[in-house]
Each structure stands twice: as C-alpha cells, then as structure tokens.
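In: Let's see this in three dimensions:
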Amino acid sequence: MKQRASRVQNIIRSGEFYAIVLSLGAFAMSAYSVLVVLRQHEDERTAELTHTLYERVQENYSLKLEHPTLGHIFELPEDYKRTRDRLRLVVTDMSEAERIKLVESEKSLAVMHYIMFEELYYNLSLATQSNEKTRLHVIEEMIGYYTYGLLRNPRVLWLSSPEGENLASHLNSDSYAYYRQEVLENVESPLTEEPDPHGLFPPQGGT
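Out: Okay, the predicted model is just below:
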C-alpha cells in the first residue's frame, strides 16, 4: 500500500499528471462542444421541420377555402356530419358530370392526407432512431392530428377502405402497419364514426 501511495505521489509531482489532467479536460470540453453542436443542430432541424409542417397545414386550409364544396374532407370526425349535411344542400342541383368531378376531387384530397401522413411517419421513424426527443415530440403531436383526426374522417375512411377506393393501400408496408395500429385497430382510442360510402350524394331517399 505504501509503495502504491508513493507511486501515486510521484506521478502527481511529475509533469505526467498534469498532462493527463489537461488531456482529460480537453476531452471533456470536446465532448461538451459536440453535444452543444448536436443540440443546436437538432433545434435547427426541429424548427425547420415545424415551419414545414405548419406550411402544409396552411396549404390544407387554403385548399379548403378554394374548394368550399369539399370542406367535409377536411373535417374531424365529430364535425363531419354537420358539414356534410350543410354541403349537400349546395350540390343538390349538380349535373352528373359535375358530381363525378366532385367525387374525383374528393379522392385527390384524401390522397393528400395520406401523403402528408406518410411523410410524418417517415420523419417519426428518423427522429426515433436518432433519439431526437424535441423533434420527436413535435412530430408525434402533428401525426396525432392525422391518426386521431383527419384519417378518421368518415368519408376519408370509406375512400381508404377496400370497399371504397382502397387509397390506404398506396402506403408503404411500414406506414400502413402504423395506420392500421393507430387508426383502424386502436383499442385504446377506437373509431367513433362509421365510414361514409355516399358523401355529398346520398342514395335517393337515403341519408
């Protein structure tokens, strides 16, 4: 023990000790600098992503303003029927050609919901893999707007289903599995509205 203590004292007195301390200090500062840079990079990426996502939301609202007769496609489940029934009064006298055009436009907007959802899912996967917690929180909030909101819209649900236009089949396998888990088969938060096979144009005498 005495020999070991003496050896330690000799190292402390020598320049080797100070060299070790300086090396450790430099390493610690370097590691801290890397963490700061990574955090700044994550913050910048999060800010950029947030800006992009909210631009997309604004684009959605712009489309809704440009196409008021398709407002039902943008509604959350609890507001869907009220908007759909109001819009049905507007499209009553449309010709067959105009109705077909409107239904095709419905599909296009529903596809846009799925494109946005898939982009969010891709970013969610990347943020999870890199453990970017701030960025992950932002993406989870936004993707929840789709999985608990727009993708549960009754008309979107119908257009997504195999009985409808099967739009959800265009998702890749991973995002489709997430869609099924979070939207169609979510035990903790099940669907509250049935898919709407008719939309703005109910069968004669139907609802």
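
In: quick one: low-confidence parts of this structure?
Out: Applying pLDDT under 70 to the chain flags residues 1-47, 49-54, 56-58, 60-61, 205-207.

In: what are the ranges of the strands in it?
Out: Per DSSP state E, the chain carries no strands over any range.

In: Disregarding residues adjacent in the polypeptide, which is nearest to Ser160?
Out: Here the nearest residue to Ser160 in space, its sequence neighbours aside, is Ala168; by C-beta to C-beta, 6 or more residues apart in numbering that works out to 4.0 Å. In this view, the C-beta of every residue, glycine as well, is placed from N, C-alpha and C.

In: From Ala97, how far out is Pro197?
Out: Taking C-beta to C-beta, to the nearest Å as the measure, Pro197 and Ala97 are separated by 21 Å.

In: Among those two, which residue is more densely surrounded?
Out: Set side by side, Pro197 and Ala97 give different neighbour counts by other C-beta atoms under 10 Å, the larger being at Pro197 (15 against 8).

In: who touches the more buried one in this structure?
Out: Counting by C-beta atoms under 8 Å, 6 or more residues apart in numbering, Pro197 touches Trp158, Glu163, Gly164.

In: Near the closest residue to Gly199 other than its chain neighbours, how many other residues are there?
Out: The spatial neighbour of Gly199 that comes closest, neighbours along the chain excluded (C-beta to C-beta, 6+ apart), is Arg155 at 5.0 Å. Arg155 is surrounded by 24 other residues when neighbours are defined as other C-beta under 10 Å.

In: Same check on the one 5 residues further on?
Out: The burial count assigned to Ser160 is 26, neighbours taken as other C-beta under 10 Å.

In: got a list of what it touches?
Out: For Ser160, the contacting residues are Ala110, Tyr114, Leu151, Asn166, Leu167, Ala168, taking C-beta under 8 Å, 6+ apart as the criterion.

In: Next, give phi and psi for the fourth one.
Out: The main-chain torsion angles of Asn166 are listed as degrees, to the nearest 10 and equal phi 60, psi 40.

In: For the most centrally placed residue in the chain, give me its contacts.
Out: By C-alpha atoms, centre = their mean, the chain has its centre lying nearest to Ile143, at 2.6 Å. Counting by C-beta under 8 Å, 6+ apart, Ile143 touches Phe117, Leu120, Tyr121, Leu124.

In: was I right about the second one contacting Glu141?
Out: It refers to Leu120. No - with contact defined as C-beta atoms under 8 Å, Leu120 does not reach Glu141; the gap is 10.1 Å.

In: more crowded one of those two?
Out: Neighbours were tallied for Leu120 and for Glu141 using other C-beta under 10 Å; the higher tally belongs to Leu120 (23 against 11).

In: burial count for the residue nearest to Ser160?
Out: Neighbour count for Ala168, taken as other C-beta under 10 Å: 23.

In: With Glu182 instead?
Out: Burial measure for Glu182: 20 neighbouring residues, criterion other C-beta under 10 Å.
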